[in-house]
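Visitor: give me a 3D structure for the following:
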Amino acid sequence: MGDAIEGNQELKFSKLFSVSEYGNGGAENRVEDIVDTGNTLSSLIAHLEAKGASSISVCAFLDKPSRRKVHFELVGKGKFYRGFECPDYFVVGYGMDYAEQYRNLPFVGVLKPELYN
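Guide: Next comes the predicted model:
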């Protein structure tokens, strides 16, 4: 992850437990900390669909629809569940980090822009 504040445009999956390992045509459920631009999620969904998933659902702790650059399509009867809609701030805590810091915070906080600008 490093200290990038923009999502990576090119994704490569080195090892994913896919439906082919559990049985063909299965339903996939993915849990995400945050859905931001949609790039990662769109690529992941395409990868899982290519592996034979018949249904893909996503549960996201935080969703930033105002930053969406890629519209992702769920597969089959898949659903999108979100815990909270997040305004366009850089947030850390609960596993989300900046430059490998702040991920262990027991709350979600807004990172001050002067820390990453």
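Visitor: can we go C-alpha only for contacts and neighbour counts from here?
Guide: Noted.
Visitor: where does this protein have low pLDDT?
Guide: The model of the chain has pLDDT under 70 over residues 1-25.
Visitor: what about the strands in it?
Guide: Here the chain has its strands, by DSSP state E, at 27-35, 55-63, 80-85, 91-92, 109-110.
Visitor: how about JSON lines for those, with mean neighbour count and distance to Arg103 added?
Guide: Below are the strands of the chain laid out as JSON lines (neighbours: other C-alpha atoms under 10 Å; distance: least, C-alpha to C-alpha, whole Å):
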{"stretch": "strand 27-35", "mean neighbour count": "16", "distance to Arg103": "11"}
{"stretch": "strand 55-63", "mean neighbour count": "19", "distance to Arg103": "14"}
{"stretch": "strand 80-85", "mean neighbour count": "14", "distance to Arg103": "18"}
{"stretch": "strand 91-92", "mean neighbour count": "20", "distance to Arg103": "6"}
{"stretch": "strand 109-110", "mean neighbour count": "13", "distance to Arg103": "10"}
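Visitor: would you format the ones you listed as TSV with distance to Tyr98 included?
Guide: Formatted as TSV, the strands of the chain follow (distance: least, C-alpha to C-alpha, whole Å):
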stretch	distance to Tyr98
strand 27-35	14
strand 55-63	16
strand 80-85	20
strand 91-92	7
strand 109-110	11
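Visitor: of all these, which one is nearest His71?
Guide: strand 27-35 (11.2 Å; C-alpha to C-alpha).
Visitor: need the longest helix for the protein.
Guide: Identified as the longest helix of the chain according to DSSP state H is helix 39-50.
Visitor: using PDB, write down the CA coordinates of that one.
Guide: What follows is helix 39-50, C-alpha atoms only, in PDB (Å, rounded to 0.1, in the frame of the first residue of the first chain):
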ATOM      1  CA  ASN A  39     -11.000   0.200  -9.500                       C
ATOM      2  CA  THR A  40     -10.000  -2.600  -7.200                       C
ATOM      3  CA  LEU A  41     -13.500  -3.900  -6.700                       C
ATOM      4  CA  SER A  42     -14.300  -3.900 -10.400                       C
ATOM      5  CA  SER A  43     -11.100  -5.800 -11.200                       C
ATOM      6  CA  LEU A  44     -11.800  -8.300  -8.400                       C
ATOM      7  CA  ILE A  45     -15.300  -8.900  -9.600                       C
ATOM      8  CA  ALA A  46     -14.100  -9.500 -13.200                       C
ATOM      9  CA  HIS A  47     -11.500 -11.900 -11.900                       C
ATOM     10  CA  LEU A  48     -13.900 -13.900  -9.800                       C
ATOM     11  CA  GLU A  49     -16.500 -14.000 -12.600                       C
ATOM     12  CA  ALA A  50     -13.900 -15.300 -15.000                       C
END
